[in-house]
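Undergrad: Just a sequence and a predicted model for now, questions to come.
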Amino acid sequence: MLDKKKHKILVLGVNGFIGNAIYKELYPYFRVFGTYSTPNKASEKNKQFFHYNHEEDDVVEILEATKPSIIISSLRGNFATQTIAHRHITEYVKHHNCKIIFISSANVFDAYKNYPSYELDKTLSSSIYGHFKIKIENMLMRLPKSKWAILRLPMVFGTGSPRIEEIRTQLKEKTPIEVFPNLIINVTTDYKLSQQIHYIINRNKTGIFHLGSTDLIHHDEFIKEIVGSLVLYNPVYKQVYTTNDDRYLAVLPKDNLLPKNLQIQSKDVLKMSIL
């Protein structure tokens, strides 16, 4: 058991799928606070949790109340108010003994099509979501490098993940399941990501991390393998072709490699998503 005095950690967005997994991994070892936007009994009962809606509330109040040494941002929702919140967080981190771990996305590279992306590649996005993530990344990169870690994630799966639940609903309602035959991706799970974050905190790692599976797979192949493990019949697929050629939306590590036991392959993601 680690010394709980070592860090005070604030997880922004603890009621989301990823935020909740991070909280569960860290709370036995550190003093962990969380923010939730949708009130529920469990969150309201937990004295370490604070109600926070970035569309209405100021994050500075939460920061002053918790005085974290590490902020983990897995917020979702309105991009404009998230941007303001991260501006305030950046100012706080700049002036306090504090570091931010920002959950970013492979979408910061979604304008590139011909190859997977590595940590030091220039970001370029053609989506609103990707643009938003780049904006926050650039904001954090102006801080001293010792004060930030940017974690770029591919598609995140796992038991009870929104993506798996959506597939289950589509199978139940017999609606077409969207697949992208020309899209080459890598994947991860909430469980592995939480372990990786724990390691990054323990080893005081900073910089940019690409936390996807070490191998690549076609989107349609991966989704069909998940579906095949859930049902015995062949459902209807809606094949979406955005280009005639293969295109990549994958983040691979080259500079910031984690130990072997913290790496994952797509077959492991598949196993951990259909328990």
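TA: On my side now, so go ahead. Just so you know, these numbers come straight off a predicted model, no measurement behind them.

Undergrad: can you pull out the strands in the chain?
TA: Under the criterion DSSP state E, the chain contains strands at 8-12, 31-36, 49-51, 70-73, 99-105, 148-153, 155-157, 177-179, 183-185, 187-189, 207-210, 217-218, 237-239, 247-249.

Undergrad: export those to TSV and tack on mean pLDDT?
TA: What follows is the strands of the chain, written out as TSV (pLDDT from 0 to 100):
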stretch	mean pLDDT
strand 8-12	98
strand 31-36	96
strand 49-51	94
strand 70-73	98
strand 99-105	98
strand 148-153	98
strand 155-157	97
strand 177-179	97
strand 183-185	97
strand 187-189	98
strand 207-210	98
strand 217-218	97
strand 237-239	96
strand 247-249	96
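
Undergrad: Is it possible to get JSON lines of these that adds distance to residue 134 and mean neighbour count?
TA: C-betas here are computed from N, CA, C, even on glycine. Shown next, in JSON lines, are the strands of the chain (distance: least, C-beta to C-beta, whole Å; neighbours: other C-beta atoms under 10 Å):
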{"stretch": "strand 8-12", "distance to residue 134": "19", "mean neighbour count": "26"}
{"stretch": "strand 31-36", "distance to residue 134": "24", "mean neighbour count": "24"}
{"stretch": "strand 49-51", "distance to residue 134": "28", "mean neighbour count": "17"}
{"stretch": "strand 70-73", "distance to residue 134": "15", "mean neighbour count": "25"}
{"stretch": "strand 99-105", "distance to residue 134": "9", "mean neighbour count": "24"}
{"stretch": "strand 148-153", "distance to residue 134": "10", "mean neighbour count": "22"}
{"stretch": "strand 155-157", "distance to residue 134": "19", "mean neighbour count": "22"}
{"stretch": "strand 177-179", "distance to residue 134": "25", "mean neighbour count": "17"}
{"stretch": "strand 183-185", "distance to residue 134": "19", "mean neighbour count": "21"}
{"stretch": "strand 187-189", "distance to residue 134": "20", "mean neighbour count": "24"}
{"stretch": "strand 207-210", "distance to residue 134": "12", "mean neighbour count": "22"}
{"stretch": "strand 217-218", "distance to residue 134": "25", "mean neighbour count": "18"}
{"stretch": "strand 237-239", "distance to residue 134": "30", "mean neighbour count": "12"}
{"stretch": "strand 247-249", "distance to residue 134": "15", "mean neighbour count": "21"}
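
Undergrad: Lowest average confidence across helices and strands of this structure, where is it?
TA: Within the chain, confidence by mean pLDDT, DSSP states H and E is lowest for helix 41-45 among all helices and strands, at a mean of 71.

Undergrad: helices or strands up against the longest helix along the chain?
TA: For the chain, the longest helix by residue count, based on DSSP state H, is helix 79-95. Counting contacts by 3 or more C-beta pairs under 8 Å, 6 or more residues apart in numbering; DSSP states H and E, helix 79-95 packs against helix 59-66, strand 70-73, strand 99-105, helix 128-141.

Undergrad: Among those, single out whichever gets nearest to residue 196.
TA: strand 99-105 (10.4 Å; C-beta to C-beta).

Undergrad: How about residues contacting the closest one?
TA: Residues outside strand 99-105 that contact it (C-beta atoms under 8 Å, 6 or more residues apart in numbering) are 18, 69-74, 86, 89-90, 93, 129-130, 133, 136-137, 140, 143, 146-153, 197, 200-201, 206.

Undergrad: residue ranges with poor pLDDT in the chain?
TA: For the chain, the stretches with pLDDT under 70 are 1-5, 43-44, 275.

Undergrad: let's see 80
TA: Counting by pLDDT under 80, the chain contains low-confidence ranges at 1-5, 39-46, 243, 274-275.

Undergrad: For the residue nearest the centre of it, give the beta-bridge partners.
TA: In the chain, the C-alpha nearest the mean C-alpha coordinate belongs to residue 103, at 4.7 Å (C-alpha atoms, centre = their mean). In this entry, residue 103 is beta-bridged to residue 151, by DSSP bridges.

Undergrad: Excluding chain neighbours, give the residue nearest to residue 87 in space.
TA: residue 139 (6.7 Å; C-beta to C-beta, 6 or more residues apart in numbering).

Undergrad: picking up where we left off before, and residue 273, which of the strands of the chain is closest to it?
TA: Nearest of the strands of the chain (C-beta to C-beta): strand 155-157, 4.1 Å.

Undergrad: Tell me the strands beside that closest one, with direction?
TA: Assessed with DSSP bridges, strand 155-157 is paired to strand 187-189 (parallel).
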